[in-house]
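**Student:** Sequence and predicted structure below; questions after.
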2 protein chains.
Amino acid sequence: MIKVGIIGVGTVGTSVAQILKDNADVISARAGCEIVVKRGVVKNLAKDRGLDIVITDDIDDVLNDPEIDIVVELMGGVEEPFEVVKKALKGGKAVVTANKALLAYHRYELAELAKDIAFEYEASVAGGIPIINALRDGLSANHIESIMGIMNGTCNYMMTKMTNEGVAYDDILKESQELGYAEADPSFDVGGYDAAHKLLILASIAYGIDAKPEDILIEGIENVSQDDIGFAKEFGYAIKLLGIAKKDKNEVELRVHACLISQDEMIAKIDGVMNGISVVGDKVGETLYYGAGAGGDATASAVVANIIDIARSGKSTPMLGFDKPMEGKLTLKAPENIRSKYYLRINVSDKTGVLARITKLFEDNNISIETMLQRPASSDSANLLFSTHIALERDIQTMMKEIEALDFVNSAPVMIRIV
Amino acid sequence: MIKVGIIGVGTVGTSVAQILKDNADVISARAGCEIVVKRGVVKNLAKDRGLDIVITDDIDDVLNDPEIDIVVELMGGVEEPFEVVKKALKGGKAVVTANKALLAYHRYELAELAKDIAFEYEASVAGGIPIINALRDGLSANHIESIMGIMNGTCNYMMTKMTNEGVAYDDILKESQELGYAEADPSFDVGGYDAAHKLLILASIAYGIDAKPEDILIEGIENVSQDDIGFAKEFGYAIKLLGIAKKDKNEVELRVHACLISQDEMIAKIDGVMNGISVVGDKVGETLYYGAGAGGDATASAVVANIIDIARSGKSTPMLGFDKPMEGKLTLKAPENIRSKYYLRINVSDKTGVLARITKLFEDNNISIETMLQRPASSDSANLLFSTHIALERDIQTMMKEIEALDFVNSAPVMIRIV
């Protein structure tokens, strides 16, 4: 019998306990032994969770219990859970977590501590989709060329509604908050940070690359408007918030931002709160993984799968996929050196000479225009819509500042990268 | 250092050897050790394969070599490879295979022999997509409610071309043969048998159910015509050859056949030679896995991933996912008891009273009509197109025979199940 302690019995923790009970038949048949929750740790002992597990408010009741084999960390945060899981690992207990923030900051220190004991984290990326499993084990024969994915269901829900129903950004944000998809402070989701944490975890498994959120390009969807959605639809694109990891010789670029992506791509067809991650390997080609990226039961499904793995075989795979560092290690590409195609929307006063002045800036910055459209925006202003050929991020950023400084430009230009 | 022997150095075997060489850097970093091919077994020693591995034409040179740790079986067939892998396992060697036919017939005997030694087979289903991995490990916390997938790239290529380009069945079959997607005798693919072998493997992992190809409903795409494709498109459906496993109380239905599936479903959006498998778990909801289902490198990617797994941890997971049988085992539903919605196309001579006679047969057989359309087929014949509400397979089969016997019915009615 394997005994589990759950630290943090909120939505996911409750689902973990419930699944271990509801599905005990199939779980014990697969694991080869019974798996039971010995104790759960909560902050508020008075709250009824409708579960028949023993509850405590002292984490040490789990960490110091010699009968507990596996600690499930679902408390949230970064430094506090880091201390807790370090103690658990040092005490010889396997750890399962769904905490992407913890991993975004401390995964390499944890991998060092978890050399001989299992530390699993399937639920930390894309909830119920077994993407860690696929990338670390299923695709291990490949050099990973790229990872590109919808890693945040809130943003994808909002973009889908804006596209299919023409809802304005502010209205759909409000609706998402009412539905519980977005937090009262939505910036962690709509600002791209949640997706960035997940991308960093995947990048470690694919490339062995050590980066923190502050090292990479992170933008959100706050500036995407119906004007942009309309242009995208007209030209056969969808707009999605994507996490992207891409190998370019010995460098890896990591970035999270809104993207224009061809409607023909599988990723573009993923709508609503669902997540989907495309991984291209040098041998396998493109593979794609789709499913629920959040929600108590879907996330808990991944947590319990990790518990079953550990019950079956203890430590079987290096935590981040690499047993020893790669020779000739890959390094992080500086964000300003990223190359991409770009879409730009510039709102200008309707005067003569405007287009000439702006296109001159494209030329001065070595940015080649692929398509250009002018559309009236109001009685005396127009939207200039550009798509570029491949250009350098640094040049685009410079040009954007120059454009914004022009007296006939009414607001900061909107830029969305095209993939 | 792990030493591998490859039995059968054809397209996939050559790719396996090539990947182990090309990607040795990342493979050894992930596996924690070097992995080399010690010997390959071929039938024709004279043929140059452009590889620098030692070649023999005697299988025993691999089976009896104490230095070889892992035997990769890629010889094809059923009984001959069965004898070979039995010998390998009994000799203490781990086995990796891509052979779905071997598993469709002998997986339970092999699981018995492989209780304490690794026997892996990721490449046997959906080529490069790590679906065994996902189902056996990633979704292990779930009761699997259903599996539904495009498991044969040849059929999907043909259906896609028929749908998008209006090509006739016979023409696209010829083209597929010229492109090497279909064999000279295409019946194994277009008859649904290849997909059935894969479905049986997945059903064992999901349900622990023991069935052979002859126990389940298997139909192909041979009778799908442009008439049916046109109707499907008009009503928002795609036609796909699907393998389906579905739990219904204590029974599991297993079937392979052409399906009408709503264009909104992710599975319906998978085009060309690509494979895609949707798995619904009671906790995780729907997850979907997409990628190349065939081809030397994609298939070899899965074979090498299995080799890396074994190098990392030896035997870590029960071969078919269950360490011990489930209590209250699930049983196979008899094909005639399957319930589905159906599409029927009946070519009739254009006479009075025809529709009344046919709709009476629906009534007599307890089959409720959902939609009905009549379309002219030629100057003196018409196509009657029906879709039904949920009906019983047995009743549909009875009615189809009765319809075919009517003097004004010009050919056997076409029936396609709707999912």
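**Tutor:** Everything's here; your move. No experiment lies behind these values; they were computed from the predicted model shown.

**Student:** give the contact list for A:F235.
**Tutor:** If a contact means C-beta atoms under 8 Å, 6 or more residues apart in numbering or on different chains, then A:F235 has A:371, A:387 as its contacts. All C-beta atoms are positioned from the backbone trio N, CA, C, and that covers glycine.

**Student:** quick one: it from A:L260, how far?
**Tutor:** Per C-beta to C-beta, to the nearest Å, A:F235 is found 8 Å from A:L260.

**Student:** Can you show me the CA trace of the helix or strand hosting A:I172 as CSV?
**Tutor:** Here A:I172, judged by DSSP states H and E, is contained in helix A:169-179. Once side chains and other backbone atoms are set aside, the C-alpha atoms of helix A:169-179 remain, and they are given as CSV (Å, rounded to 0.1, in the frame of the first residue of the first chain):
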residue,chain,number,x,y,z
TYR,A,169,-11.9,42.6,-25.2
ASP,A,170,-13.2,44.4,-22.1
ASP,A,171,-16.6,42.6,-22.3
ILE,A,172,-15.1,39.1,-22.7
LEU,A,173,-12.6,39.7,-19.9
LYS,A,174,-15.5,40.6,-17.6
GLU,A,175,-17.5,37.5,-18.7
SER,A,176,-14.4,35.3,-18.2
GLN,A,177,-14.1,36.6,-14.7
GLU,A,178,-17.7,35.9,-14.0
LEU,A,179,-17.3,32.4,-15.3
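
**Student:** domain parsing for chain A?
**Tutor:** Residue ranges for the structural domains of chain A, counted by automatic domain parsing, are given in the record as A:2-127+A:296-313, A:138-291, A:335-418.

**Student:** nearest to B:V16, of those domains?
**Tutor:** domain A:138-291 (8.9 Å; C-beta to C-beta).

**Student:** Is it possible to get the domains of chain A out as TSV so that each row also shows distance to B:D60?
**Tutor:** Putting these into TSV (distance: least, C-beta to C-beta, whole Å) gives the following:
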stretch	distance to B:D60
domain A:2-127+A:296-313	32
domain A:138-291	28
domain A:335-418	55
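
**Student:** Save those domains as CSV, and put in mean pLDDT too.
**Tutor:** Compiled in CSV, the domains of chain A are given as follows (pLDDT from 0 to 100):
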stretch, mean pLDDT
domain A:2-127+A:296-313, 96
domain A:138-291, 95
domain A:335-418, 96
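
**Student:** Work out the gap between the helix holding A:I172 and the centre of the chain.
**Tutor:** Taking the mean of its C-alpha atoms, helix A:169-179 sits 20 Å from the chain's own mean (C-alpha atoms, centre = their mean, to the nearest Å).

**Student:** Check which helices and strands that helix is in contact with.
**Tutor:** Packing contacts for helix A:169-179, counted by 3 or more C-beta pairs under 8 Å, 6 or more residues apart in numbering or on different chains; DSSP states H and E, involve helix A:153-165.

**Student:** May I see the buried residues of the helix it packs on?
**Tutor:** Of all the residues in helix A:153-165, those buried under the rule 16 or more other C-beta atoms under 10 Å in any protein chain shown are A:153-163.

**Student:** Tell me which stretches of the stretch 151-300 of chain A form helices.
**Tutor:** Defined through DSSP state H, counting those that start in this stretch, the helices belonging to the stretch 151-300 of chain A, from first to last, are A:153-165, A:169-179, A:187-190, A:193-207, A:226-234, A:296-313.

**Student:** quick one: which of these is nearest B:N250?
**Tutor:** When these are ranked by distance to B:N250, counting by C-beta to C-beta, first place goes to helix A:296-313 at 22.7 Å.

**Student:** Find the centremost residue of chain A, please.
**Tutor:** Nearest to the mean C-alpha position of chain A, counting by C-alpha atoms, centre = their mean, stands A:A195 at 2.4 Å.

**Student:** would you turn the helices of the stretch 151-300 of chain A into CSV with distance to B:L103?
**Tutor:** Output for the helices of the stretch 151-300 of chain A, formatted as CSV (distance: least, C-beta to C-beta, whole Å):
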stretch, distance to B:L103
helix A:153-165, 36
helix A:169-179, 45
helix A:187-190, 43
helix A:193-207, 29
helix A:226-234, 45
helix A:296-313, 21
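
**Student:** sorry, back to before: out of the domains of chain A, which gets nearest to B:M266?
**Tutor:** domain A:138-291 (6.2 Å).

**Student:** what distance separates the closest one from the middle of the whole chain?
**Tutor:** 7 Å.

**Student:** That one: end-to-end distance?
**Tutor:** End-to-end distance for domain A:138-291, by C-alpha to C-alpha, to the nearest Å: 17 Å.

**Student:** how near is A:K43 to A:K341?
**Tutor:** 49 Å.

**Student:** and stretch A:87-95, how far apart are its ends?
**Tutor:** Between the opening and closing residues of stretch A:87-95 lies a distance of 10 Å (C-alpha to C-alpha).

**Student:** how far does that stretch sit from the chain's center?
**Tutor:** A distance of 27 Å separates the centroid of the chain from that of stretch A:87-95, by C-alpha atoms, centre = their mean.

**Student:** residues of the helix holding A:I172 that come out buried?
**Tutor:** Counting neighbours by 16+ other C-beta under 10 Å, one finds that the buried residues in helix A:169-179 are A:169, A:172-173, A:176.

**Student:** angle of that helix against helix A:153-165?
**Tutor:** Per axes from the mean of the first three to the mean of the last three C-alpha atoms, to 10 degrees, the angle that helix A:169-179 makes with helix A:153-165 is 130 degrees.

**Student:** Give me the contacts around helix A:169-179.
**Tutor:** Against helix A:169-179 from outside (C-beta under 8 Å, 6+ apart): A:154, A:157-158, A:161-162, A:167, A:182-184, A:186, A:190, A:221-222, A:224-226.

**Student:** on that earlier part again, need the buried residues of helix A:169-179 in a markdown table (columns: distance to B:I310).
**Tutor:** What follows is the buried residues of helix A:169-179, written out as a markdown table (distance: C-beta to C-beta, whole Å):
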| residue | distance to B:I310 |
| --- | --- |
| A:Y169 | 51 |
| A:I172 | 49 |
| A:L173 | 49 |
| A:S176 | 45 |
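
**Student:** That concludes my questions; thank you for your assistance.
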